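A.B. asks: A structural model of the following input is requested.
(one chain, ligands or ions: 1)
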Amino acid sequence: MHESVLLTESIKYLNLNKKSIIVDCTLGYAGHSSNILKQIKEGYLYAFDQDQEAIKEADKKLKQIGTNYEIINTNFVNLKEEIKKRTDKVDGILFDLGVSSPQLDEDYRGFSFHKEAKLDMRMNQNQKLNAYDVVNNYSQEELIKIFKIYGEEKYANSIAKGIIKERNIKQIETTLELAEIIKENVPEKYRRKSHPARKIFQAIRIEVNDELNVFEKALKGALDIIKPGGRICVITFHSLEDKICKNIFNEVSKLPKELQNLPVIPDEYKPKFKIIANITPTKEEIEKNNRSRSARLRVIEREM
Ligand SMILES: C[S@@+](CC[C@H](N)C(=O)[O-])C[C@H]1O[C@@H](n2cnc3c(N)ncnc32)[C@H](O)[C@@H]1O
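C.D. replies: Take a look at the predicted model:
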């Protein structure tokens, strides 16, 4: 079961009315989308996902609520192009980034360092690059870079070295083999804090799915297809995702420094968006759902 994070808050900030046209970029198991569909009886929902299994389950749920929706089975990097084919502008766009709990829980998807599986981690099962390729074919320098940047892992060097040493003997095939190598290449004290494989698995997942580049491109596209008065809500789980969101939102909602002291701001330079919210889950939500502990919701509104 996937427990949606910041559900009430994100739905509230989408400012739905019964005629709203909404895009859910990360349908998953339709936690957010079901709520949205219930409120937009005369509107329309476009929902993206690239995971066939999530789509199948979500479709079953949405069917019971209404027929005014379309599931778009593609990477949300194509958001702007796909929406432009169907309509002009929309009233709300939601991103709830990362993986869903069922993706983590299904052993064979290879996302979890607790469960034995082939190294995979592809959200889109038709994609070529997978975690096996990253772990067995990337150079030591490339591994260090992704472990440091995407994993913010301070033992990136020794873990990458350990991987190279091991794969010179034999290819690393499974999640538990990799988790063991990671464990062996960090100091004893560090192993006790939290599982040392957590950050490395996250880094490999981000690389396999090119998550940061894809999100940046999609969010920029989202700014172009939102109606005046419409809102974009983004739930992130990683500091680098959040930084991308924060920077893009700041860029479009603040006056450039060199114009800040002008007595009159010409219309074409006035920011087109305003920031509405920047919140984290309540203590109660974190206690109930540990996955929400690193989440943040940012909301922006198009003004003109
Ligand atoms: C955190 S889950 C969303 C959960 C959903 N909001 C709910 O409440 O059930 C993220 C979902 O987005 C999908 N996803 C992540 N990145 C994607 C991308 N670039 N393109 C399309 N789908 C993506 C994943 O496959 C996953 O199903």
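
A.B. asks: The residue of the chain positioned farthest from its centre: what's it in contact with?
C.D. replies: Here the chain reaches farthest from its C-alpha mean at Pro263, the gap being 40.6 Å by CA atoms, centre = their mean. Neighbouring residues of Pro263 by CB atoms under 8 Å, 6 or more residues apart in numbering: there are none. The way it works is simple: take the backbone N, C-alpha and C, and place the C-beta from them, glycine included.

A.B. asks: Tell me who's in contact with the closest residue in space to Ile159 that isn't next to it in sequence.
C.D. replies: Excluding its sequence neighbours, the residue lying closest to Ile159 (CB to CB, 6 or more residues apart in numbering) is Asn185, at 4.8 Å. Contact analysis of Asn185 by CB under 8 Å, 6+ apart lists Tyr155, Ser158, Ile159, Lys161, Gly162.

A.B. asks: and the helix or strand containing the second one, how far from the chain's centre?
C.D. replies: By that I understand Ser158. According to DSSP states H and E, Ser158 maps onto helix 156-169. With CA atoms, centre = their mean, to the nearest Å as the basis, helix 156-169 stands 29 Å off its chain's centre.

A.B. asks: How about stretch 67-84?
C.D. replies: 16 Å.

A.B. asks: tell me the mean pLDDT over that stretch?
C.D. replies: Averaging pLDDT along stretch 67-84 yields 97.

A.B. asks: in that stretch, what's buried?
C.D. replies: Tyr69, Ile71, Ile72, Asn75, Phe76, Val77, Asn78, Leu79, Lys80, Glu82, Ile83 (16 or more other CB atoms under 10 Å).

A.B. asks: out of these, which touch the ligand?
C.D. replies: Asn75, Phe76, Val77 (CB under 6 Å from any ligand atom).

A.B. asks: Please name the nearest non-neighbouring residue to the last one.
C.D. replies: Spatial nearest neighbour of Val77, excluding adjacent residues (CB to CB, 6+ apart): Val214 at 4.4 Å.

A.B. asks: so that neighbour is in which element?
C.D. replies: Judged by DSSP H and E, Val214 forms part of helix 211-224.

A.B. asks: Please report how far the residue nearest to Val77 lies from Ser294.
C.D. replies: If you measure Val214 against Ser294 using CB to CB, to the nearest Å, the figure is 19 Å.

A.B. asks: hang on, the earlier thing: looking at this, the residue farthest from the centre of the chain is in a strand?
C.D. replies: No - under DSSP: H, G, I helix; E, B strand; the rest coil, Pro263 falls outside any strand and is assigned coil.

A.B. asks: now it: how far from the ligand?
C.D. replies: 44 Å (CB to the nearest ligand atom, to the nearest Å).

A.B. asks: Ok, Ile93 next?
C.D. replies: For Ile93, the distance to the ligand - CB to the nearest ligand atom - is 13 Å.

A.B. asks: from here on, count from 34
C.D. replies: Sure thing, new numbering starts at 34, so read that last one as Ile126.

A.B. asks: Show me the beta-bridge partners of that residue.
C.D. replies: The bridge-partner assignment for Ile126, based on DSSP bridges, gives Val56, Ile265.

A.B. asks: Please parse the chain into its domains.
C.D. replies: 40-129+244-335, 140-242 (automatic domain parsing).

A.B. asks: Next, the contact list for Ser327, please.
C.D. replies: Counting by CB under 8 Å, 6+ apart, Ser327 has contacts Phe270, His271.

A.B. asks: How far off centre is stretch 125-135?
C.D. replies: 6 Å.

A.B. asks: and that stretch, which residues are buried?
C.D. replies: Here stretch 125-135 shows Gly125, Ile126, Leu127, Phe128, Asp129, Leu130, Gly131, Val132, Ser133, Pro135 as buried, counting by 16+ other CB under 10 Å.

A.B. asks: Among the buried residues of stretch 100-117, name the ones in strands.
C.D. replies: Tyr102, Ile104, Ile105 (DSSP state E).

A.B. asks: Please identify which of those residues is nearest to the ligand.
C.D. replies: Distance to the ligand, by CB to the nearest ligand atom, is smallest for Ile105 among those, at 8.8 Å.

A.B. asks: correct me, but the closest one touches Ala80?
C.D. replies: Yes - the criterion here is CB atoms under 8 Å, and Ile105 meets it with Ala80 at 6.8 Å.

A.B. asks: tally of neighbours for the closest residue in space to Tyr165 that isn't next to it in sequence?
C.D. replies: Distances taken as CB to CB, 6+ apart place Leu152 nearest to Tyr165, at 4.2 Å, with adjacent residues excluded. When neighbours are counted by other CB atoms under 10 Å, Leu152 registers 23.

A.B. asks: and the nearest residue to Met34 once chain neighbours are set aside, what does it touch?
C.D. replies: Setting aside the residues directly before and after it, Met34 is nearest to Ser134 in space (CB to CB, 6+ apart), at 6.6 Å. Residues in contact with Ser134 (CB under 8 Å, 6+ apart) are Met34, His35, Glu36, Arg324.
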